[in-house]
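Chemist: could you look at this predicted model? Sequence included:
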Amino acid sequence: MQPGSEASRRIARINSHLHPPVSQMEETSLLRRANCRSKGGASGFKVAILGAAGGIGQPLALLMKMNPLVSVLHLYDVVNAPGVTADISHMNTGAVVRGFLGQPQLEDALAGMDLVVIPAGVPRKPGMTRDDLFNINAGIVKTLCEGIVKCCPKAVVNLISNPVNSTVPIAAEVFKKAGTYDSKRLLGVTMLDVVRANTFVVDETLQSLSSSSAEVLGIDPRDVNVPVVGGHAGVTILPLLSQVNPPCSFTPEEISYLTDRIQNGGTEVVEAKAGAGSATLSMAYAAAKFADACLRGLRGDAGVVECSFVASQVTELPFFASKVRLGRCGVEEVLPLGPLNEFERARLEKAKKELAVSIQKGVSFIRK
Ligand SMILES: NC(=O)c1ccc[n+]([C@@H]2O[C@H](COP(=O)([O-])OP(=O)(O)OC[C@H]3O[C@@H](n4cnc5c(N)ncnc54)[C@H](O)[C@@H]3O)[C@@H](O)[C@H]2O)c1
Ligand SMILES: O=C(O)C[C@H](O)C(=O)O
């Protein structure tokens, strides 16, 4: 290709969108605004995915590109962001996609975002707990949240990176330190626990147990809703099987089996992947569902309720996962747990003990 030819100028233009030099920032952001209006429409939201080239990031980027509520989609990673961006950008859906590679482009990736979804960080290998990821992922989450402070302090943040029970407190502390903390806008993503619970209640109960819960036979798992409260690791994951909707009853053996399977769903995938990571596809599905719920809330839809790990007064702990009502500012209301049976009350006490330690570990990481 001849330097200075029309083809080389076109490629230079495409590259400048993928890696906008700082000197072109103003011009580029005008271009972005123009693109947003022409393609996404005035009502679309601007969404950034941080860790977009990863196992979760890539399918999540695909699903967000398909979401009609998204007008601009920013894909940021420290590796491979241009390739993923080029690929996703060929999908003929409305959202304008832009790629951002490496720390120097983090601020451009975040500028003006309404929703920031964070699946950046290392996943587990067999034999590890989520807490074993703390040493690496805590620093990653801290850095990304410092970027949010600077560039989009009013964005709603969906935090996926593990250990969620500690990374959400880390994010809160970063925001508090900067004076930008709004507890309504920080949500730990525990949706995969709900997705698993809904699936296992319909599937596993009927397949592997001689079930007295035949009421659920033939029900689409998408129509089942199991609230999952507490946190997102082992015993802190507490499905409230007494509150399944549509209502259905389980034997004590079924409750114990289902609770253990839901609590160990992540480990089941980690072991099946045998060293190649943890849940990515089901997580991308869950994250896309949760992000969509947040966007519908931001749009002003009524009655959007999902479970999430948020700042909470539902228990004595400063953070707790429970049903939350989503609205124009993020979390509009943290809903109470509702009536728990004896089994759930006992499991709740266990969950709170472990959660308290994980939350404090996250807080201390920033305050130290
Ligand atoms: N909340 C949940 O329910 C849930 C479910 C599954 C996985 N996870 C967690 O999500 C995280 C990601 O999992 P994965 O399978 O996608 O891992 P992955 O290794 O496949 O992808 C992670 C991506 O993050 C990127 N990354 C690393 N440091 C970064 C930084 N500083 N800035 C931006 N990007 C960075 C990597 O380059 C990589 O592309 C893990 O911590 C995992 O435990 C959480
Ligand atoms: O189990 C993991 O490490 C990943 C994730 O938290 C999950 O629940 O699948």
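Modeler: Noted; the coordinates are in hand. Ligands and ions are numbered 1, 2, ... in the order given.
Chemist: give me the three-state assignment for the residue in the chain that ligand 1 sits nearest to.
Modeler: Nearest residue of the chain to ligand 1 (Cβ to the nearest ligand atom) works out as residue 54 at 2.0 Å. Where you see a C-beta, it was placed from the backbone N, CA and C, and this is true even at glycine. For residue 54, the assignment made with DSSP: H, G, I helix; E, B strand; the rest coil gives coil.
Chemist: so what's it closest to, chain neighbours aside?
Modeler: The shortest distance from residue 54 to any residue other than its chain neighbours is 6.1 Å, reached at residue 119 (Cβ to Cβ, 6 or more residues apart in numbering).
Chemist: what's the distance between the residue of the chain closest to ligand 1 and ligand 2?
Modeler: 12 Å (Cβ to the nearest ligand atom, to the nearest Å).
Chemist: and what of residue 325?
Modeler: As defined by Cβ to the nearest ligand atom, residue 325 lies at a distance of 24 Å from ligand 2.
Chemist: same deal with residue 288?
Modeler: From residue 288 across to ligand 2, the span is 15 Å (Cβ to the nearest ligand atom).
Chemist: A helix includes that residue, no?
Modeler: Yes: read with three-state DSSP, residue 288 is one of the residues of a helix.
Chemist: that one: how many residues sit nearby?
Modeler: 20 (other Cβ atoms under 10 Å).
Chemist: from memory it sits against residue 64, does it?
Modeler: Yes: proximity of residue 288 to residue 64 meets the contact threshold set by Cβ atoms under 8 Å, at 6.2 Å.
Chemist: which parts of the stretch 51-200 of the chain are strands?
Modeler: 70-77, 96-101, 115-118, 156-159, 186-188 (DSSP state E, counting those that start in this stretch).
Chemist: now do the longest one: which elements does it pack against?
Modeler: Helices and strands touching strand 70-77, as assessed by 3 or more Cβ pairs under 8 Å, 6 or more residues apart in numbering; DSSP states H and E, comprise strand 45-50, helix 57-65, helix 81-89, strand 96-101, helix 106-110.
Chemist: so how far is the second one off the chain centroid?
Modeler: For helix 57-65, the separation from the chain centroid amounts to 12 Å (computed by Cα atoms, centre = their mean, to the nearest Å).
Chemist: name the helices or strands packed onto that helix?
Modeler: Partner elements for helix 57-65 (3+ Cβ pairs under 8 Å, 6+ apart): strand 45-50, strand 70-77, helix 81-89, helix 281-299.
Chemist: helices of the stretch 201-350 of the chain, start to end?
Modeler: Secondary structure of the stretch 201-350 of the chain, counting by DSSP state H, counting those that start in this stretch: helices at 252-263, 265-273, 281-299, 342-367.
Chemist: which positions within the longest one qualify as buried?
Modeler: I take that to be helix 342-367. For helix 342-367, burial by neighbour count (16 or more other Cβ atoms under 10 Å) applies to 344, 347-348, 351-352, 354-356, 358-359, 361-363, 365-366.
Chemist: what residue ranges in this protein are flagged as low confidence?
Modeler: Low-confidence segments of the chain, defined by pLDDT under 70: 1-43, 204-218.
Chemist: for it, what lies in contact range of ligand 1?
Modeler: Residues of the chain lying near ligand 1 by Cβ under 6 Å from any ligand atom: 50-51, 53-57, 77-79, 119-124, 133, 137, 140, 143-144, 160-162, 164, 189, 192, 232, 277-280, 283.
Chemist: close to ligand 2: what parts of this protein are there?
Modeler: So the chain meets ligand 2 at 123-124, 130, 162, 192, 232, 265-266, 269-270, 278-279 (Cβ under 6 Å from any ligand atom).
Chemist: show me what contacts the residue nearest to residue 99 when sequence neighbours are not counted?
Modeler: In space, and not counting its chain neighbours, residue 99 is closest to residue 85: 2.9 Å by Cβ to Cβ, 6+ apart. Counting by Cβ atoms under 8 Å, 6 or more residues apart in numbering, residue 85 touches 18, 52, 75, 97-99.
Chemist: alright, calling it a day.
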